[in-house]
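Asker: Sharing a model prediction with you, sequence too.
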Amino acid sequence: MKLRVGLVGLGNAWETRHAPALRAMSDRFEVRAVCEQVAHRAERAAREFRAASVDGYRALAERDDIDAILMLSPQWYGPLPILAACEAGKAVYCAAALDVALEDALTLKQRVHESGIAFMAEFPRRHAPATLRLKELIATRLGRPRLIFCHQRTPVEMPEQQRAHRVPGAPAPGPMQYLIDLVDWCRYVAGEEPSSVVGIAHDNVQGQFENDYEMMSLDFSGQGQPGSGVVAQISCGHYIPGIWHEAITFRPPAALQVACENGIAFVDLPNNLTWFDTAGRHQEPLESERPVGEQMLGLFFRAVTSLVRKTSDLDDAYRAMSIVLAGRQSRKEGRRVQIEYA
């Protein structure tokens, strides 16, 4: 059986993750239509996969030869393609972080639940070989996490680079995608839900982002004293110009550092995991694992074709977004914010 899919927005990971995965899994996925605001990109992708280039997301969702929508970039559409998919009864694979208000996110979540469609949010950090092996070590050797440090450092594009990569009138990209992914990563590694968050940021007077540095501290103490449980610190920086190539690659911190009861682990995605315990240093080869893009599309295929509806990804996406928005509320109000889940 092949799943007939339509693409909405190609996104930054199209060439490196999504296109290679769709080529490798041509026995399970058939691209029938492409909707992308950059016309030449849509036409090129449509030619490669022998698909149709479609002008609008709604026309794509209503096509009879489409079973599911792969939303790979929000572009100017925001959550509208997901709502159109709900109305058309089409499954959704969402690789885009939606920068919307919490009440709008809750409404979107309810619409997806009510429609009964299969929905999968893309969390590549969860499915990376190094993360999966880390979870095994936490369960067997390292013990429960105590402290988690999670970092993302992204180069800032100069104006000429922005003009080359962005369509006039399209909204500038923001750090929401990174923050949602990092929050979900910490939730997954901790195996718990944070109860409160503290957020800070440094205003950016130049460049494309509102802030050139944003940090959140997540407390997983539950009803206990703050700091008595797992604490995760997430930082997302956009302060190094993209033309400073040597500075970008100079001494980058580990993407994830986890201090556990019986040891400590350092992770750099997708395949690098180094961990230490009383026996010393351990480094395991993980290069032979299947690419993350193929793993996630395989999970989506099973979610759509299975008789059991999978909704955990939708809940995870909503919770991660709730935490990011609570962190921004904390930053504005200058206080710790308790996290409530609808």
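Answerer: Noted; the coordinates are in hand. The shown structure was predicted, so the numbers you read here are calculated from the model rather than taken from an experiment.

Asker: Residue ranges in the protein under the pLDDT threshold?
Answerer: In the predicted model of the chain, residues 157-175, 205-210, 223-224, 227, 288-289, 307-312, 341-342 satisfy pLDDT under 70.

Asker: Domain map for it?
Answerer: As given by automatic domain parsing, the domain ranges for the chain are 3-122+293-309, 125-287+323-338.

Asker: Run the chain-centre distance for the longest one.
Answerer: Computed by Cα atoms, centre = their mean, to the nearest Å, the chain-centroid distance of domain 125-287+323-338 equals 11 Å.

Asker: And for the first one?
Answerer: When C-alpha coordinates are averaged (Cα atoms, centre = their mean), domain 3-122+293-309 and its chain have centres 15 Å apart.

Asker: which of the domains of the chain is buried the deepest?
Answerer: domain 3-122+293-309 (a mean of 19; mean count of other Cβ atoms under 10 Å). Bear in mind the C-beta positions are built from the backbone N, C-alpha and C, glycine included.

Asker: Just the terminal-to-terminal distance for stretch 229-244.
Answerer: Terminal residues of stretch 229-244 are spaced 39 Å apart (Cα to Cα, to the nearest Å).

Asker: try stretch 297-315
Answerer: By Cα to Cα, one end of stretch 297-315 lies 19 Å from the other end.

Asker: Equivalent analysis for stretch 48-67, please.
Answerer: 20 Å.

Asker: Next, find the distance separating the closest residue to residue 325 other than its chain neighbours from residue 96.
Answerer: Nearest residue to residue 325 in three dimensions, chain neighbours excluded: residue 102, at 5.0 Å (Cβ to Cβ, 6 or more residues apart in numbering). Using Cβ to Cβ, to the nearest Å, residue 102 is found at 17 Å from residue 96.

Asker: still on that earlier bit, out of the domains of the chain, which is closest to residue 317?
Answerer: domain 3-122+293-309 (3.8 Å; Cβ to Cβ).

Asker: got a list of what residue 186 touches?
Answerer: Residues near residue 186 by Cβ atoms under 8 Å, 6 or more residues apart in numbering: 148, 150, 194, 218, 232, 234.

Asker: Quick check: the gap between it and residue 58.
Answerer: 36 Å.

Asker: what helices or strands is the helix or strand where residue 200 lies leaning on?
Answerer: Element membership for residue 200, per DSSP states H and E: strand 196-203. Here strand 196-203 touches strand 211-219, helix 312-333, strand 337-338, going by 3 or more Cβ pairs under 8 Å, 6 or more residues apart in numbering; DSSP states H and E.

Asker: which strands and helices sit next to the second one?
Answerer: Contacting helix 312-333 under the criterion 3+ Cβ pairs under 8 Å, 6+ apart are the following elements: helix 102-115, strand 119-121, helix 176-190, strand 196-203, strand 211-219, strand 337-338.

Asker: and residue 204, how far is that from residue 250?
Answerer: From residue 204 across to residue 250, the span is 21 Å (Cβ to Cβ).
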